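>>> sequence isn't available, so here's the structure alone:
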């Protein structure tokens, strides 16, 4: 049976809802800038990164359905898992209108989920490392493309972060403080407070190639947590 899971709620838990067809498994499109120069054969293609794209579901109703519950289910955004990729999740939003009148009358309608280009493992949890004597940690990207993880550090004073032998960040921590660096979003924060001003370095350089990656620290870093360290196209 086809199903989806939106923010931890399986579609089979919604009264009368059926997932009649799932989107195909597909690779996101690479955004490009194409430039032609007079007198030069061919063109120059600059890769700009992978684009978000749409996945469509065909949904239906059966039996004693509850349309309000169905509407509420799809009035959402967050993370989605499809049963044909049941070990991964995507980040999604529902931006287009859903014709629930058609769903009630004809028992069928289309739902379009706008998904970000990468998918993540459901089984990989957050890694949590106590750091003693500036010990290094090894983080393995098990995906099929480089990842941009979220890393949280706990420590004091000025701390350095090194990836595969090169320093990427210098962070002016407070006393017994913490900071979270989301390298995909290019943001540093603690709770709801932005902390970019205390971070020196290039967020784009903190990415994990496929396979093992060595992260090392200088200064008084006492603990490190890291998540979203593997990702897939």
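Structure received. Remember, it's a predicted structure, so these values are computed and weren't measured experimentally. Numbering: from 1, shown residues only.
>>> how's this protein carved up into domains?
4-121, 127-227 (automatic domain parsing).
>>> look up how far residue 45 lies from the residue with the largest distance to the centre of the chain.
When distances to the mean C-alpha position of the chain are computed (CA atoms, centre = their mean), the maximum falls on residue 39, with 42.7 Å. Note on residue 39: its distance to residue 45, by CB to CB, to the nearest Å, is 18 Å. In short, each C-beta sits where N, CA and C put it, glycine included.
>>> equivalent analysis for residue 64, please.
55 Å.
>>> looking at these two, which one has more neighbours?
Legend: neighbour count by other CB atoms under 10 Å for residue 64 and residue 45, higher for residue 45 (11 against 7).
>>> thinking again about what came up before, doesn't the residue farthest from the centre of the chain belong to a strand?
No: under DSSP: H, G, I helix; E, B strand; the rest coil, residue 39 sits outside any strand and is assigned coil.
>>> quick one: it from residue 1, how far?
Residue 39 is 60 Å from residue 1, where distance means CB to CB.
>>> what's the answer for residue 64, then?
Distance from residue 64 to residue 1, by CB to CB: 18 Å.
>>> what ranges do the helices span in this protein?
For the chain, the helices defined by DSSP state H cover 67-74, 100-106.
>>> give the buried residues for the longest one.
Buried residues in helix 67-74, counted by 16 or more other CB atoms under 10 Å: 70, 73-74.
>>> redo those as TSV? Include pLDDT.
Rendered in TSV, the data for those read as follows (pLDDT from 0 to 100):
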residue	pLDDT
70	96
73	97
74	96
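>>> could you dump the residues you listed to CSV with distance to residue 100?
Below are the buried residues of helix 67-74 laid out as CSV (distance: CB to CB, whole Å):
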residue, distance to residue 100
70, 7
73, 11
74, 9
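>>> pairing partners for the lengthiest strand in the chain, with directions?
Looking across the chain with DSSP state E, the single longest strand is strand 211-227. Using DSSP bridges, strand 211-227 pairs in its sheet with strand 127-130 (antiparallel), strand 137-141 (antiparallel), strand 150-163 (antiparallel).
>>> contact partners of the last one?
The set of residues that contact strand 150-163 without belonging to it, under CB atoms under 8 Å, 6 or more residues apart in numbering, is 131, 167-184, 201, 205-206, 208, 213-228.
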